[in-house]
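Q: next input, structure requested:
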Amino acid sequence: MKALLIALFLSPSAFAIPPPQPACPAGYCGEKAVEIAAEFDAAGGIGAEEAPFLASGDCYHETVELSNRVTHHGYALIDSKEGAYYHGGTFSFFFPKNPFENLTIEDARRSSPNLYLPNHQLDIQPGYSYSEMNPKDPTSPRTYWMKRSENVLYLLGHWGRGHRVYCRFKIHPHGA
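A: Numbering: from 1, shown residues only. So this is what the prediction gives:
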């Protein structure tokens, strides 16, 4: 029994942060975020064997600072190094079209100098993956959850207590 308790306590899965349920609380999200959240809920997990890959596309922010009707953009890079998996990326605001659509994996790596730091480590769980990029300050989390459906990566993010991000990214072909 002691061995089971120790194994459960030390297992990374014991500390997994599940995706929010519901992904879009009733009355909280705009139309696009509701649509992306439903697709996120229906999508599957990311396999470790899929790394590296890059995806970019549209994001909608649910916060008092931004209109949830305005399309913003972002990208996510999923990479591996020495047996661990990492998540990097960035967001852009108020561009008329996706500024990352021609980004390559190599360019994304170069523009992400912190990619392989511990706070970018990606925890791959059955059915979803997540990263917590601000683990030292529980009052201001930067948590991201990801799921995949064929050529689409869905990313949900919580920034602090009052900012949520809903993204639908098209996966770039390898090398592009």
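
Q: what's downstream of the longest helix anywhere in the chain, the next helix or strand?
A: Longest helix of the chain, by residue count under DSSP state H: helix 31-42. For helix 31-42, the succeeding helix or strand toward the C-terminus, using DSSP states H and E, is strand 53-62.

Q: buried set for whichever helix or strand comes after that next one?
A: Sequence order places strand 72-81 as the next helix or strand after strand 53-62, per DSSP H and E. Buried positions in strand 72-81, judged by neighbour count with 16 or more other C-beta atoms under 10 Å: 72, 73, 74, 75, 76, 77, 78, 79. Where you see a C-beta, it was placed from the backbone N, CA and C, and this is true even at glycine.

Q: can you name the residues that contact the last one?
A: Residues in contact with residue 79, defined by C-beta atoms under 8 Å, 6 or more residues apart in numbering, are 51, 52, 85, 86, 88, 105, 109, 115, 116.

Q: packing partners for the longest helix of the chain?
A: Of the remaining helices and strands, those touching helix 31-42 by 3 or more C-beta pairs under 8 Å, 6 or more residues apart in numbering; DSSP states H and E are strand 53-62, strand 142-149, strand 152-159, strand 163-171.

Q: burial of residue 106, as a residue count?
A: Counted with other C-beta atoms under 10 Å, residues neighbouring residue 106 total 11.

Q: kindly export the host helix or strand of it (C-alpha atoms) in PDB.
A: According to DSSP H and E, residue 106 maps onto helix 105-110. Coordinates of each C-alpha in helix 105-110 appear next as PDB, following Å, rounded to 0.1, in the frame of the first residue of the first chain:
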ATOM      1  CA  ILE A 105       9.900  25.500 -37.000                       C
ATOM      2  CA  GLU A 106      13.400  26.700 -37.100                       C
ATOM      3  CA  ASP A 107      12.300  30.400 -37.000                       C
ATOM      4  CA  ALA A 108      10.000  29.700 -34.100                       C
ATOM      5  CA  ARG A 109      12.900  28.000 -32.200                       C
ATOM      6  CA  ARG A 110      15.100  31.000 -32.800                       C
END
